[in-house]
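Enquirer: Can you look at this prediction? I've put the sequence above it.
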Amino acid sequence: MRILIVRNNFNPKAIEASYLLEAFFDKQGIEYQTYDCDELRSPHVIIDQDASVDEPAFNLAVVLGGDGTILCTADQIRTQRIPILGINFGHLGFMANPNDEGVIAIVSAALAGEVTVEARTNLRIEVYCENDAASEASPNDVREESLAADLLAADSLASDPILKGEDTKPQQFFALNEMVIARGDQGRIIDFTYSISGARIGNMRGDGLIVASATGSSGYALSAGGPLVDPSFQGLVAVPIAPHTLQSRAMVTGASDVVEIDLDASLANRAATLFIDGERIELNSPVRKVVVATGDEPTLLLRYQPKSFYAHASDTFFKS
């Protein structure tokens with residue numbers, strides 16, 4: 001038995017709880033390793049994604065913090081099927097368990113198998129960027145609103161390897177909550193086309209698009225007007241952000257559907273930013289296409305004495 005402890009290092013109560021938990025594991029002869037959540041946000045990798053699922057690096061991840069700390073941990077685990085026991089020391093903690101009974105009682109129940117396992121659908125994200133030559137011709141930090149520059153950038157589309165169908169290798173990312181493509185620091189709305197499983201939904205103008213899992217439906221997607229979805233739902237939720245239209249609606253997809261977002265080479269679009277689970281992703285050249293599908297393996301969350309989803313949602317979102 002080997003346990004991963006991840007703590008919110010900005011929360012004194014979470015740090016204190018980690019010391020208590022370490023003393024408990026020492027007494028029980030259980031091997032463990034402790035990380036601060038900041039360490040997981042760095043390029044530091046603590047779990048080998050090529051390792052066998054049958055022999056995981058850890059048998060359990062205990063997360064002492066809020067939803068953000070759980071997201072950092074899930075990004076490290078990805079497809080390894082290591083169950084995550086979140087204990088709330090954050091603000092909202094919609095994915096975490098309340099800490100009213102103390103960390104020892106909750107962790108002991110998890111070790112005894114007296115918890116409920118929730119298999120949460122996550123996201124597999126592929127990002128295609130412009131080639132380096134196009135990026136150098138029109139860098140991200142362009143500020144001038146120049147119609148001539150827009151036309152010049154658009155003229156380069158004919159030689160774009162993405163549009164020509166040439167073999168381009170995307171950058172791949174994982175998310176438990178959501179992917180967001182949004183307007184950049186120019187402050188100009190962006191134009192994009194989005195499709196679901198090959199069917200074009202529409203040409204959009206606005207602040208961007210959120211593609212969320214059922215877990216992420218309670219976050220940014222909800223604030224942008226999307227539906228609150230039961231966590232057992234295995235599809236995607238696509239929510240336009242501040243669309244410049246009276247006809248836009250959120251879309252809920254099937255489990256095997258794929259959402260594709262295409263941006264042209266206008267100046268506003270070239271400054272568009274990509275966020276994954278709340279973290280801004282730094283890319284070497286502008287985003288041209290994003291493809292979002294459900295992940296191959298679910299993220300496993302452990303629930304201690306769980307309420308129903310609807311009772312939990314009512315307490316969290318509908319009561320002052």
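Expert: Good, I have the coordinates. Numbers count the residues shown, from 1 in each chain.

Enquirer: Report the residue spans of the stretch 101-250 of the chain with pLDDT below the cut-off.
Expert: 131-167 (pLDDT under 70).

Enquirer: What are the buried residues along stretch 175-188?
Expert: Applying a neighbour-count criterion of 16 or more other C-beta atoms under 10 Å, one finds 175, 176, 177, 178, 179, 180, 181, 182, 183, 184, 186, 188 buried in stretch 175-188. Any C-beta I mention is one placed from the backbone N, CA and C, and that applies to glycine too.

Enquirer: Just the ones of those in helices?
Expert: Judged by DSSP state H, these include no members of helices.

Enquirer: Nearest to residue 22, out of those residues: which one, please.
Expert: residue 176 (26.0 Å; C-beta to C-beta).

Enquirer: which residues touch the closest one?
Expert: Contact partners of residue 176, counting by C-beta atoms under 8 Å, 6 or more residues apart in numbering, are 70, 71, 74, 75, 120, 122, 123, 213, 215, 216, 277, 299.

Enquirer: Check whether the second one sits in a helix, strand or coil.
Expert: Yep, that's residue 71 we're talking about. Here residue 71 is recorded as helix under DSSP: H, G, I helix; E, B strand; the rest coil.

Enquirer: Can you report how many residues lie near the closest residue in space to it that isn't next to it in sequence?
Expert: Take residue 71 and drop its neighbours on the chain: the residue closest to it by C-beta to C-beta, 6 or more residues apart in numbering is residue 277, 4.6 Å away. Counted with other C-beta atoms under 10 Å, residues neighbouring residue 277 total 25.

Enquirer: and residue 62, which of the three is it?
Expert: strand.

Enquirer: Might you report the residue contacts of it?
Expert: Counting by C-beta under 8 Å, 6+ apart, residue 62 has contacts 3, 4, 5, 6, 21, 85, 87, 103, 107, 110.

Enquirer: Pipe these into a markdown table and attach secondary structure and neighbour count per row.
Expert: Listed next are the contacts of residue 62 as a markdown table, based on DSSP: H, G, I helix; E, B strand; the rest coil; neighbours: other C-beta atoms under 10 Å:
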| residue | secondary structure | neighbour count |
| --- | --- | --- |
| 3 | strand | 22 |
| 4 | strand | 24 |
| 5 | strand | 23 |
| 6 | strand | 27 |
| 21 | helix | 23 |
| 85 | strand | 25 |
| 87 | strand | 28 |
| 103 | helix | 22 |
| 107 | helix | 26 |
| 110 | helix | 20 |
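
Enquirer: out of those residues, who's nearest residue 290?
Expert: Nearest member of the contacts of residue 62 to residue 290, counting by C-beta to C-beta, is residue 6, at 28.2 Å.

Enquirer: From what I see, that closest one and residue 75 are in contact.
Expert: No. Taking contacts as C-beta atoms under 8 Å, residue 6 lies outside contact range of residue 75: 11.0 Å.

Enquirer: list the residues that contact both of these two?
Expert: Joint contacts of residue 6 and residue 75 (C-beta under 8 Å, 6+ apart) are residue 40.
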